[in-house]
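Peer 1: Sequence and predicted structure, then a few things I'm wondering about:
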Amino acid sequence: LAQNTVNALLQDRDGFLWIGTQGGLHLYDGYEFLRFQHRAGDADSLPDSFVTALAEDAEGRLFVGSNRHGLAVRQPGSPRFVVVPPGEGERNRREVITVLLADGDEGIWVGSHFGLEHLANNGRRSDILRLPPSAEPEASVRDLARCADGTLYAATSAGLFRVNAGSTRARGLPLPRAADAAMAVHCDATGALWLSSGLRLFERQNASWRLAFDGAANLPQIAHYAIVRIREDLKHQLWLATDGLGLIKFLPTESRSEWLRHQQRAPGGLPEDALRSLLVDRSGLLWVGGNISGVARARPEGAPFTSVIDDSSVHGRINTNNVRAILADADRGLWLGTEGDGLKYYDFAKRAFSRFGDVLGRALGLPAAPADLRVYAIQPARQAGQLWLATDHGAFLFDPAQQVAQALPVDRQRDDALPSADIRSLIVGRDGSVWLGSLSSGLSRYRPELKQWQHFPV
């Protein structure tokens, strides 16, 4: 992913997964990711790479909400994103989109810092609810739920609201007696309405609320956390995503709950406890979007989340597992560039890591790997099986078969060398040229076959 804070998840009508992050939008087809980002000067790109919300309407159009630049729409099969003009007045608040939801055949619902709007299929935009500006809590629509009969419920900073099917008027509903905020809302398959407030979960039937689950009962030290998303799986179990205490599985028929927490030394467990988005796809898979760890998936019946952790390094658990670059080695393994443990290889069959920091150290004239070696990019070279590496100690041509590496020269005073050793990005062009981006000395182009250099200071 371009960035690991996952704000939105959506499965489209073709079964593909869309992932909205703070660094761009990704389309996952089950094999690879296709990335969409804002590009300056490109009117067909996203207006903002900070994606906050996703929805698909009945015509298959993808709507993308952003953090500062409103709403964009993509027609099925088109590479273009078209900006949807905002409603009139308070543009700055309207363009901070927080949640989107399809409204059957009628269009989509748009939640923002302004409030709630309805965008019809013909492009008509109607104001449904204006939230009064506030700083604490910040005015926003936090979550939306549409019931089978078309009734919409909106959990907002100003409480819970209902919009009847076909109506353009939002009516406030009283919160449960033990609730002090409306955080997440969900209509289940039976027609019951679920609402979270902090770590409490309430069920509404026959116009009355009942407390179904209290995650902070007798634990005031965790009462500041909240359930931020509610989803229902194919067996009608509820999954509750929290903003710091992991995932909760709740069985409504038994009023029984199970907490799933991140465990540092449990491969296959929940990658983190601070969750932002949740999706149950049509096959029943559960997708979880985290605050810093990207997206993970699991089978609700109990299959583990897939995670590979290296506990064998002397460089510390965080540095050795802070992966900055990945390159697939066919179906045999992965080349990994890390923040402080250099270059590693993970073998799928052996389920083991190998390290190559010493090889890079020898290329620098050192007896061992440099301390806290950072590898920022890995690219295949034109020479079969060899790799180009960008690191904070320069750039290398690495031959895994021979276990040797060649360091490119570094000398700011020379035209035939890199001006800086802190190389942050690298790509190999079609002609074999190696393009290298440094932290503070601009862009360089190296033609290995001719041993020619060009430098482009920024």
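Peer 2: Here it is on my side, so go on.
Peer 1: elements contacting the longest helix along the chain?
Peer 2: In the chain, ranked by residue count with DSSP state H as the criterion, the top helix is helix 357-363. Helix 357-363 is packed against strand 343-347, strand 394-399, strand 404-407, with contacts defined by 3 or more C-beta pairs under 8 Å, 6 or more residues apart in numbering; DSSP states H and E. All C-beta atoms are positioned from the backbone trio N, CA, C, and that covers glycine.
Peer 1: can I assume Ala368 is in contact with Gly357?
Peer 2: Yes. At 7.5 Å, Ala368 counts as touching Gly357 under the criterion of C-beta atoms under 8 Å.
Peer 1: Compare those two (neighbour count), which wins?
Peer 2: Comparing Ala368 with Gly357 by neighbour count (other C-beta atoms under 10 Å), the higher total belongs to Gly357, at 22 against 10.
Peer 1: before we move on, back to that, what separates the longest helix of the chain from the chain centre, distance-wise?
Peer 2: With C-alpha atoms, centre = their mean, to the nearest Å as the basis, helix 357-363 stands 35 Å off its chain's centre.
Peer 1: and if you look at stretch 238-257?
Peer 2: 21 Å.
Peer 1: for stretch 216-232, same thing?
Peer 2: In terms of C-alpha atoms, centre = their mean, the centre of stretch 216-232 is set 22 Å apart from its chain centre.
Peer 1: Residues contacting it, please?
Peer 2: With contact meaning C-beta atoms under 8 Å, 6 or more residues apart in numbering, stretch 216-232 is reached by 142-143, 181, 183-186, 188-189, 194, 196-201, 215, 238-245, 248, 275-280, 286.
Peer 1: Narrow these to just the buried residues.
Peer 2: 142-143, 181, 183-186, 188, 194, 196-201, 215, 238-243, 245, 248, 275-280, 286 (16 or more other C-beta atoms under 10 Å).
Peer 1: quick one on the thing from earlier: pick the most deeply packed of the helices and strands packed on helix 357-363.
Peer 2: Most buried of the helices and strands packed on helix 357-363, by mean neighbour count (mean count of other C-beta atoms under 10 Å): strand 394-399, with a mean of 21.
Peer 1: and that strand, what other elements does it pack with?
Peer 2: For strand 394-399, the helices and strands in contact under the criterion 3+ C-beta pairs under 8 Å, 6+ apart are helix 357-363, strand 387-391, strand 404-407, strand 423-428.
Peer 1: wait, which of those is closest to Asp12?
Peer 2: Counting by C-beta to C-beta, Asp12 lies closest to strand 423-428 out of the helices and strands packed on strand 394-399; the figure is 30.1 Å.
Peer 1: pLDDT below threshold where in the protein?
Peer 2: Scanning the chain for pLDDT under 70 picks out 265-267, 303-307, 313, 315.
Peer 1: Show me the domain layout of the chain.
Peer 2: What automatic domain parsing lists as the domains of the chain is 6-298, 317-456.
Peer 1: Tabulate those domains (a markdown table), appending distance to Asp311.
Peer 2: Formatted as a markdown table, those follow (distance: least, C-beta to C-beta, whole Å):
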| stretch | distance to Asp311 |
| --- | --- |
| domain 6-298 | 7 |
| domain 317-456 | 7 |
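Peer 1: Next secondary structure after the host helix or strand of Leu240?
Peer 2: Using DSSP states H and E, Leu240 sits in strand 238-242. Sequence-wise, the next helix or strand downstream of strand 238-242 (DSSP H and E) is strand 247-251.
Peer 1: So which elements touch whichever helix or strand comes after that next one?
Peer 2: Next helix or strand after strand 247-251 toward the C-terminus (DSSP H and E): strand 256-260. On a contact count with 3+ C-beta pairs under 8 Å, 6+ apart, strand 256-260 meets strand 247-251.
Peer 1: His262 reaches Leu270, doesn't it?
Peer 2: Yes. His262 is within contact range of Leu270, at 4.8 Å (criterion: C-beta under 8 Å).
Peer 1: Who has more neighbours out of those two?
Peer 2: When His262 and Leu270 are compared for neighbours, Leu270 comes out ahead with 22 against 19, by other C-beta under 10 Å.
Peer 1: That one is in what secondary structure piece?
Peer 2: Using DSSP H and E, no helix or strand contains Leu270.
Peer 1: list residues touching both of His262 and Leu270?
Peer 2: Gly246.
Peer 1: Could you pull out the helices in this structure for me?
Peer 2: 91-94, 317-321, 357-363.
Peer 1: which stretch among those helices comes nearest His113?
Peer 2: Closest among these, using C-beta to C-beta: helix 91-94, at 4.3 Å.
Peer 1: Could you export the helices and strands packed on strand 394-399 to CSV, including columns for distance to Val96?
Peer 2: Below are the helices and strands packed on strand 394-399 laid out as CSV (distance: least, C-beta to C-beta, whole Å):
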stretch, distance to Val96
helix 357-363, 45
strand 387-391, 36
strand 404-407, 47
strand 423-428, 31
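Peer 1: Please identify the deepest-packed of those.
Peer 2: Burial of the helices and strands packed on strand 394-399 is given as mean neighbour count (mean count of other C-beta under 10 Å); strand 387-391 ranks first at a mean of 26.
Peer 1: could you give the angle of that one to strand 343-347?
Peer 2: With axes from the mean of the first three to the mean of the last three C-alpha atoms, to 10 degrees as the basis, strand 387-391 and strand 343-347 are set at 130 degrees to each other.
Peer 1: Direction included, what does strand 387-391 pair against?
Peer 2: Neighbouring strands of strand 387-391 in its sheet, by DSSP bridges, are strand 375-380 (antiparallel), strand 394-399 (antiparallel).
Peer 1: contact partners of the first one?
Peer 2: Residues from elsewhere that reach strand 375-380, judged by C-beta under 8 Å, 6+ apart: 324-327, 335-338, 342-343, 386-392, 423-428.
Peer 1: so how far is it from its chain's centroid?
Peer 2: Offset of strand 375-380 from its chain centre (C-alpha atoms, centre = their mean): 22 Å.
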